[in-house]
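# Mind looking at a prediction? Sequence and model below.
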Amino acid sequence: MACYGRYRYCGPNCSGPGAPINQLDSICRQHDLCYRRYGQKHCDRIFLSRVRPLANRRTKMGRDARFMYKVMRLKSTLF
């Protein structure tokens, strides 16, 4: 699966290359690195807490953050 939008680290099996394009992409990268060390549930909770403040309807990054927050929250309740 391709990365979400034009992000480098947001999306399943999406791990770069290069520097994150914005704050949301940086959070996605940190989430990927966290998975490798601490596992899914712990890292998903951290991801949600970091993405939620970015979520808004006024900017593209805010809309993307809102979408990713909803997807991750749904994923964490189902799995």
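Perfect, thanks for sending it.
# Next, count neighbours for residue 52.
13 (other CB atoms under 10 Å). (Each C-beta comes from the backbone N, C-alpha and C, glycine too.)
# contacting residues for it?
Residue 52 is in contact with 65, 69, counting by CB atoms under 8 Å, 6 or more residues apart in numbering.
# any idea how far residue 21 is from the residue nearest the centre of the chain?
Centroid-nearest residue in the chain: residue 28, 3.8 Å away (criterion: CA atoms, centre = their mean). Distance from residue 28 to residue 21, counting by CB to CB, to the nearest Å: 10 Å.
# Find residues that contact each of those two.
residue 7.
# still on that earlier bit, so which strand or helix has the residue nearest to the centre of the chain?
Element membership for residue 28, per DSSP states H and E: helix 23-38.
# Show me which residues of that helix are buried.
Using 16 or more other CB atoms under 10 Å as the test for burial, helix 23-38 gives 24, 25, 26, 27, 28, 29, 30, 31, 32, 34.
# so what secondary structure elements neighbour that helix?
In terms of contacts (3 or more CB pairs under 8 Å, 6 or more residues apart in numbering; DSSP states H and E), helix 23-38 is packed against helix 40-51, helix 60-78.
# In JSON lines: these, plus mean pLDDT, mean neighbour count and distance to residue 13.
Below are these laid out as JSON lines (pLDDT from 0 to 100; neighbours: other CB atoms under 10 Å; distance: least, CB to CB, whole Å):
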{"stretch": "helix 40-51", "mean pLDDT": "95", "mean neighbour count": "16", "distance to residue 13": "15"}
{"stretch": "helix 60-78", "mean pLDDT": "92", "mean neighbour count": "15", "distance to residue 13": "15"}
